[in-house]
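Colleague: task: produce atomic coordinates for the following.
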Amino acid sequence: MENKIKSTFKRDLKEEILYLLKEHPFQELAKMADEVRERFHGNVVHLRAIIEFSNYCRCNCLFCGIRRDNKKLSRYRMTPHEIITRAEKIAKEGFKTIVLQSGEDPFWTKEKLKEIISKIKKIKVAITLSVGERSYEDYATFKDAGADRYLLKFETSDEKLFNALKPDTSLENRLRCLRWLKELGYETGSGIIVGLPAQSFESLAEDLILMKDLRLDMVGIGPFIPHPETPLKNQPAGNPYLTLKVISLTRLLLPLSNIPATTALAVISPSLRIRALRCGANVIMPDMTPSGYKRLYDIYPGKTSVKGSYNELKSLLMKINRFTL
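Modeller: Below you'll find the model as predicted:
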């Protein structure tokens with residue numbers, strides 16, 4: 001009986017989400033989401049600085065510019081000293097969270113990352129990791145070393161689409177990793193890409209339900225931006241306004257979660273990042289990778305054009321009556 005009730009609830013919830021996605025006026029939805037954001041999070045925007053420390057990747061995701069088959073991309077790995085020194089500089093600017101992000105690079109063993117995490121933790125900052133699918137033991141090692149959060153997007157809940165776009169893994173394995181992270185006590189983040197080829201409103205609705213079921217602490221949602229060195233180079237970009245609508249719905253479904261105004265939106269237009277903050281988002285994650293490496297972490301075109309030091313972002317947020325922590 002309980003399973004039947006849950007099934008009925010999910011069916012009704014999906015129908016409601018589909019109506020809101022397809023027919024409900026965006027401005028009304030954005031206003032509701034903004035009110036929920038203010039009620040649960042106040043007018044605070046969290047600034048979380050990203051260091052993209054390696055663009056090597058074992059995976060061949062069809063949408064990603066650092067996929068292993070992109071032979072035109074110059075590859076790099078920052079040294080541990082470079083990573084730690086950069087983290088120290090970022091912390092001195094005022095950032096209270098460091099996000100360590102890379103491709104799925106086997107070079108970075110759990111022992112190497114453990115040492116870096118331990119040293120950065122001494123700076124008294126929160127540490128978010130985004131280094132892909134790892135073993136349970138690896139995740140436990142990183143947590144013991146001081147990692148606080150982990151970001152692992154599932155991209156789409158449509159298993160057929162997932163398998164087509166991410167040939168090196170499975171949706172089942174990705175969700176297993178997210179369950180492990182929750183079990184280990186990480187603040188766990190995931191998210192999706194809006195506008196993937198063959199994505200439907202129905203699959204977007206399923207994505208939103210899955211994010212709710214996972215009880216995610218952070219949800220990243222950005223539009224698809226085709227990269228010229230991928231098999232999807234000729235596909236149309238995702239609709240940024242549909243992306244904003246999905247952000248609004250995410251805020252309504254997950255009022256306590258942190259939701260970034262993603263860089264991908266800012267690539268399309270700087271004003272879209274502000275609009276995201278006005279329809280549910282409460283986080284900005286500026287790319288603070290050293291300039292010599294930044295242009296090489298080329299997951300989608302235009303990413304390096306989005307700038308913002310701590311003081312610049314603080315000034316921007318004050319103009320829209322938002323504050324930073």
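Colleague: going by C-alpha atoms from here, please, whenever you check contacts or count neighbours.
Modeller: Noted.
Colleague: point to the helix or strand of the chain where mean pLDDT is at its lowest.
Modeller: None of the helices or strands of the chain scores lower by mean pLDDT, DSSP states H and E than helix 2-22, at a mean of 74.
Colleague: so Tyr139, which of the three states?
Modeller: helix (DSSP: H, G, I helix; E, B strand; the rest coil).
Colleague: what's the answer for Val45, then?
Modeller: strand.
Colleague: that one and Pro197, how far apart?
Modeller: For Val45, the distance to Pro197 equals 32 Å [Cα to Cα, to the nearest Å].
Colleague: these two: who's more crowded?
Modeller: A direct count of neighbours by other Cα atoms under 10 Å for Val45 and Pro197 places Val45 higher, at 23 against 15.
Colleague: and the pLDDT for the more buried one?
Modeller: What the model reports as pLDDT for Val45 is 95.
Colleague: swap in Tyr136?
Modeller: 98.
Colleague: nearest residue to it in space, ignoring adjacent ones along the chain?
Modeller: Once flanking residues are discounted, Tyr136 sits nearest to Trp180: 6.5 Å by Cα to Cα, 6 or more residues apart in numbering.
Colleague: where does the one you found sit: helix, strand or coil?
Modeller: Judged by three-state DSSP, the three-state class of Trp180 is helix.
Colleague: now stretch 143-163: buried residues?
Modeller: By neighbour count on 16 or more other Cα atoms under 10 Å, the buried set for stretch 143-163 is 143, 145-158, 161-162.
Colleague: equivalent analysis for stretch 173-183, please.
Modeller: So, applying 16+ other Cα under 10 Å, buried residues of stretch 173-183: Arg174, Leu175, Cys177, Leu178, Trp180, Leu181, Lys182.
Colleague: pLDDT (mean, whole number) over that stretch?
Modeller: For stretch 173-183, mean pLDDT rounds to 98.
Colleague: and that stretch, how far from the chain's centre?
Modeller: Distance of stretch 173-183 from its chain centroid, counting by Cα atoms, centre = their mean, to the nearest Å, is 16 Å.
Colleague: one step back: show me which pair in the buried residues of stretch 173-183 is furthest apart.
Modeller: Within the buried residues of stretch 173-183, Arg174 and Lys182 form the most distant pair, 12.7 Å apart (Cα to Cα).
Colleague: picking that back up, so which of the buried residues of stretch 143-163 sit within helices?
Modeller: Mapping these onto helices (DSSP state H) picks out Lys143, Ala145, Leu161, Phe162.
Colleague: farthest pair in these?
Modeller: It's Ala145 and Leu161 that sit farthest apart of those, by Cα to Cα, at 35.6 Å.
Colleague: ok, so of the buried residues of stretch 173-183, who is nearest Leu21?
Modeller: Using Cα to Cα, Leu175 comes nearest to Leu21 of these, at 24.7 Å.
Colleague: contacts only, for that closest one.
Modeller: By Cα atoms under 8 Å, 6 or more residues apart in numbering, the residues touching Leu175 are Phe154.
Colleague: which strand or helix spans it?
Modeller: Secondary structure assignment for Leu175, by DSSP states H and E: helix 171-183.
Colleague: next SSE after that helix?
Modeller: Counting by DSSP H and E, the next helix or strand C-terminal to helix 171-183 is strand 187-194.
Colleague: what's next to that next one, contact-wise?
Modeller: Residues from elsewhere that reach strand 187-194 (Cα under 8 Å, 6+ apart): 148-156, 178, 181-182, 204, 207, 211, 216-224, 238-239, 242-243.
Colleague: return the subset of those lying in strands.
Modeller: Arg149, Tyr150, Leu151, Met218, Val219, Gly220, Ile221, Gly222, Pro223 (DSSP state E).
Colleague: center of this structure, which residue is that?
Modeller: Residue closest to the average C-alpha location in the chain (Cα atoms, centre = their mean): Gly220, at 3.6 Å.
Colleague: tell me where the model's unsure across this structure.
Modeller: By pLDDT under 70, the low-scoring segments of the chain are 1-10, 325.
Colleague: one step back: the residue nearest to Tyr136 against Glu137, yeah?
Modeller: No. Using Cα atoms under 8 Å, Trp180 is not in contact with Glu137, being 9.8 Å away.
Colleague: now do the contacts for Ala30.
Modeller: Residues in contact with Ala30, defined by Cα under 8 Å, 6+ apart, are Lys245, Ser248, Arg278, Cys279, Gly280.
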